[in-house]
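J.: give the three-dimensional model of this entry:
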Amino acid sequence: MATDHVSDELWDEFHRVVNMTSRELNEWMRTESAGEDAETFPDQSGRSLGHRVAAILAKRRSDLTGDDVAAMTKVVDIVHQERREDLEPTAGDDHWRRKLMSIGHDPLKPPRSPDVT
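T.: Sure thing, here's the model as predicted:
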């Protein structure tokens, strides 16, 4: 079920704070799950919110669902809670960076331009 309830503000801010591509995010989730205790299915590795973000990045705006909109809002809220407003590249501790990268935000990379989708 597609929704037209994605505000321009949420759409733009989600794509600004999610500064990793779906490919980068999927590779990161596979890398993070690699090791002796790796999951059986590498394509299912990582946090479920990370998988949702990767799926959203692959969708057209008109194909987003209400669950997608909720996930986008959650990701924007998390990044805003964890980062300064300007999102300038910032080194932090490794756990903090890994946590943000698991939802598509690399704090060492600059924010994406609003026109990049």
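J.: so who does residue 109 touch?
T.: Listed by CB atoms under 8 Å, 6 or more residues apart in numbering, the contact set of residue 109 reads 19-20, 89. Every C-beta, even on glycine, is put in place using the N, C-alpha and C of the backbone.
J.: ok, of those residues, which come out buried?
T.: Buried members of the contacts of residue 109, counted by 16 or more other CB atoms under 10 Å: 19-20.
J.: give me the lowest-pLDDT entry from the contacts of residue 109.
T.: On pLDDT alone, residue 89 ranks lowest of the contacts of residue 109, at 78.
J.: how about it: what's its closest non-neighbour residue?
T.: Leaving aside its sequence neighbours, residue 89 sits nearest to residue 108 (CB to CB, 6 or more residues apart in numbering; 5.2 Å).
J.: what's the local residue count around the one you found?
T.: The number of residues packed near residue 108 is 12, by other CB atoms under 10 Å.
J.: and it, how far from residue 19?
T.: Separation of residue 108 from residue 19 (CB to CB, to the nearest Å): 9 Å.
J.: ok so, going back, distance to residue 63 and secondary structure added to the contacts of residue 109, as CSV?
T.: Listed next are the contacts of residue 109 as CSV, based on distance: CB to CB, whole Å; DSSP: H, G, I helix; E, B strand; the rest coil:
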residue, distance to residue 63, secondary structure
19, 22, coil
20, 20, coil
89, 32, coil
